[in-house]
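Novice: Need a 3D model of the sequence below.
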Amino acid sequence: MSASPRRTYLPADERREQILDCALEVFARKGFHAASIADVCARARIARGTLYQYFTDKGAVLKALIDRIARRILNAAEQWHPFEMPPNHVWTEDDNVAFVEARCVQITSVVFADADTTSLLLRMARGTDFVRETMAVIDARVVALIEADVRAAMQAGALRMSDPRIIAQFIVGGIEKIVVTALDEGRQLDIARLAHEVAVLVSGGVVRRDAVRPPAGPGA
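Specialist: The predicted structure follows:
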């Protein structure tokens, strides 16, 4: 008689993370609604009873996955150093492009570090209240951080005076739209290029500096 495979015992925290990792693989491959608890257990090589020690049902597994990516994004955002104008420094457009570019890289790198979870979150956001609520929390926190950057830059004289919240919402909303489209289409996003294009757009607009003014209309 052949020996049965030995069960692998893990500490509770590691087991919970292992279950989430396996659930993510299953949900990403089959879709949340088509996947079953049995599929997750088979992938994790555990009994149903083991999964139910950590999660009440499939929805609780999804919520834990969403909470995990939210924590990662928010924790990364909390590590940002606020805008500070170097002493006696004349802030140039190049400085501004570099600063905005760095912020964009920080945002998108965290999102794409766990693209499967983020893609799952975005798909589920269209029909699940708690996912929409989680995304709203992430958006609000990231917008608030960028708004603080913009306000500090205005007070330091690096930017013209305007509404910092509108600028922050424009940056976050634009990046979010590009990220959502890339994830939906299953294509890799060029983070460096995205960050640079957004930075140049925010800093200098889209009008060419050497553009010739159009001729005045009749009666001008």
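
Novice: Can you give me every residue that contacts residue 202?
Specialist: Going by Cβ atoms under 8 Å, 6 or more residues apart in numbering, residue 202 touches 96, 100, 167, 170, 171. Quick note: C-beta positions are derived from backbone N, CA and C, even for glycine.

Novice: Tell me which two in those are the farthest apart.
Specialist: Taking Cβ to Cβ, the two most distant members of the contacts of residue 202 are 96 and 170; they sit 14.9 Å apart.

Novice: what about the nearest residue in space to residue 38 that is not next to it in sequence, neighbour count?
Specialist: The shortest distance from residue 38 to any non-neighbouring residue, by Cβ to Cβ, 6 or more residues apart in numbering, is to residue 48 (7.4 Å). When neighbours are defined as other Cβ atoms under 10 Å, residue 48 has 11 of them.

Novice: From residue 131, how far out is residue 48?
Specialist: Between residue 48 and residue 131 the computed distance is 25 Å (Cβ to Cβ, to the nearest Å).

Novice: Equivalent analysis for residue 191, please.
Specialist: 24 Å.

Novice: Those two - which one has more neighbours?
Specialist: Higher neighbour count among residue 191 and residue 131: residue 131, with 21 against 17, using other Cβ under 10 Å.

Novice: What's the first helix or strand after the helix-or-strand element of the chain with minimal mean pLDDT?
Specialist: Ranked by mean pLDDT, DSSP states H and E, the helix or strand of the chain with the weakest confidence is helix 115-124, at a mean of 64. Going down the chain from helix 115-124, the next helix or strand is helix 129-155, by DSSP states H and E.

Novice: From the chain's centroid, how far away is the helix or strand following that following helix?
Specialist: As assigned by DSSP H and E, the chain's next helix or strand after helix 129-155 is helix 164-184. Chain-centre distance of helix 164-184: 10 Å, with Cα atoms, centre = their mean, to the nearest Å.

Novice: Show me what the helix or strand residue 18 falls within is packed up against.
Specialist: If you go by DSSP H and E, residue 18 is part of helix 12-30. With contacts taken as 3 or more Cβ pairs under 8 Å, 6 or more residues apart in numbering; DSSP states H and E, helix 12-30 sits against helix 37-44, helix 58-78, helix 115-124.
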